[in-house]
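Colleague: compute the structure for the input listed below.
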Amino acid sequence: MVDVSDLRVIIPVGGEAKRLKPLTAEVSKALVRFLNKPLVEHAMAKLASQGVREFIFGVKGYINYKSLYDYFQDGAGFSARYRLGHRVRIFYQPNIDDLGSADSVRLNMEFYNIDDYLMVIQGDNIFDIDIRRILSFHVESGALMTIGLTKVTDVERYGIAELNDDSRICRFIEKPKRYETQSRLANTGIYILSPEMRKILSGDKVMRVLKERQRLDFGMDLIPMLVDDGYPVYGYILPGEWYDVGTPETYLDSMIKLINRDDASDYLGEPIEPSVKIWIQAHDVEERRNRENLLKKIRDGSIRIEGAALIGRHCQIGENVVIKDSCIDNFSIILDEAVVERSAILDRTIVGEAAEIRDAIISRHVKISSSRNNPTRVDGVSVIGDDSTIGEGCIISGTKIYPHIVIPSFSMLRNITITS
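Modeller: Sure, this is the predicted structure:
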């Protein structure tokens, strides 16, 4: 049996993550904050808690590399933060641009001389997985590659696998039309690779595909090629949940589902009371004091929580504020009579009095001016980029605003993108 402590995990992080912009305008997708921490850290913490000791970021481009290295460095801080009991080491792809996710894995297997079993995950997914179970399935099946699968309704957004009776993949189609397949088993981007994969990735056929297509992507190139050539590629249906956080819509949908899960404490720690889904984060004496002040206001009814809520460290929340199925990140201020519903307020943001934020992502270091006489409203899956300023009395719906932009008071913005 493969020892989890010997398993290395590669996380390809390439491209500009256009679907998540403006959240990714100045930071790697993997570091976009989600549930009050960098997105990729959720998956890494889950795997590290099961014994994984080495991660390799398959980074492409300066922003991805700088963002990830500046935050994680060599992994010492990550190890201490989660009190793992073992040292996690983090490595980075050399400054060689890959031609797709599978090419990133190829480059890193060569650079780090990897001849062992390997796991690949994606930087914008959150998932439940038991590594030992999927490894056991992989080894017992005699697989070259095992793909984590999950059931979906919209097949046109994913790579879809068709399985035979022993879970071997007999057909793989990237983003098919609904009429092209009866399967609803989607590729999650979680892979277990056997040591033999290194030789295949450096072989003549893969190199020819790379040269002809100028691309080597798992879903579009490598997996269909392996299946068509008769290699043992197996599908493992994930028994738990899987969340794709690749767009603003799926970001909010995943956030709401996660904080409302019965076992949300696995991700968020213990709630304020066992019977409610309210979390107020605190790590030191001063933060715990602030937590007690917020608890008193919640119990007195001057802060009304509906559904679930995650509130970060050192947040200030005014009187008669309503928070419903939302996350408020560290150091943020929500002033009197504001409403935050089904939204994410990222760190160090100020939401003015009587503002109404619904179905929106308000990014970092944003200031939303608002008053009782001239309330500002943001809704319709709007995304406000880092360090932006919104004047009072604005109505913003279905709009994306890039970082560092000032929106004048009383602006009405609907279904547009503002980049400068």
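Colleague: average pLDDT across stretch 91-108?
Modeller: For stretch 91-108, mean pLDDT rounds to 95.
Colleague: okay, buried residues for it please.
Modeller: Within stretch 91-108, the residues scored as buried using 16 or more other Cβ atoms under 10 Å are 91-93, 98-108. For every residue, glycine as well, the C-beta is placed using N, CA and C.
Colleague: same question, stretch 196-214
Modeller: M197, R198, I200, L201, V206, V209, L210.
Colleague: surely the last one is within a strand?
Modeller: No. With DSSP: H, G, I helix; E, B strand; the rest coil as the criterion, L210 is helix rather than part of a strand.
Colleague: excluding its backbone neighbours, what's nearest it?
Modeller: Distances taken as Cβ to Cβ, 6 or more residues apart in numbering place L216 nearest to L210, at 5.1 Å, with adjacent residues excluded.
Colleague: check the third one too.
Modeller: Sequence neighbours aside, V206 is the residue nearest to I200 in space, at 6.5 Å (criterion: Cβ to Cβ, 6+ apart).
Colleague: quick one: that neighbour is in a helix?
Modeller: Yes. Judged by three-state DSSP, V206 forms part of a helix.
Colleague: so which residue is dead centre in the chain?
Modeller: D124 (3.4 Å; Cα atoms, centre = their mean).
Colleague: got a list of what it touches?
Modeller: Contacts for D124 were tallied using Cβ atoms under 8 Å, 6 or more residues apart in numbering; they are A17, L20, K29, A30, L39, V40, D244, V245, G246.
Colleague: so which residues of the stretch 151-300 of the chain form strands?
Modeller: 159-163, 169-174, 185-193, 233-237, 242-244, 278-280 (DSSP state E, counting those that start in this stretch).
Colleague: save the ones you listed as JSON lines, and put in mean neighbour count and mean pLDDT too.
Modeller: Converted to JSON lines, those look like this (neighbours: other Cβ atoms under 10 Å; pLDDT from 0 to 100):
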{"stretch": "strand 159-163", "mean neighbour count": "21", "mean pLDDT": "94"}
{"stretch": "strand 169-174", "mean neighbour count": "18", "mean pLDDT": "94"}
{"stretch": "strand 185-193", "mean neighbour count": "24", "mean pLDDT": "96"}
{"stretch": "strand 233-237", "mean neighbour count": "22", "mean pLDDT": "97"}
{"stretch": "strand 242-244", "mean neighbour count": "21", "mean pLDDT": "92"}
{"stretch": "strand 278-280", "mean neighbour count": "23", "mean pLDDT": "95"}
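Colleague: closest one to A48 among those?
Modeller: strand 185-193 (15.6 Å; Cβ to Cβ).
Colleague: could you give the angle of that closest one to strand 169-174?
Modeller: Counting by axes from the mean of the first three to the mean of the last three Cα atoms, to 10 degrees, strand 185-193 lies at 110 degrees to strand 169-174.
Colleague: what helices or strands is strand 185-193 leaning on?
Modeller: Helices and strands touching strand 185-193, by 3 or more Cβ pairs under 8 Å, 6 or more residues apart in numbering; DSSP states H and E, are strand 118-120, strand 125-127, helix 131-141, strand 145-151, strand 159-163, strand 233-237.
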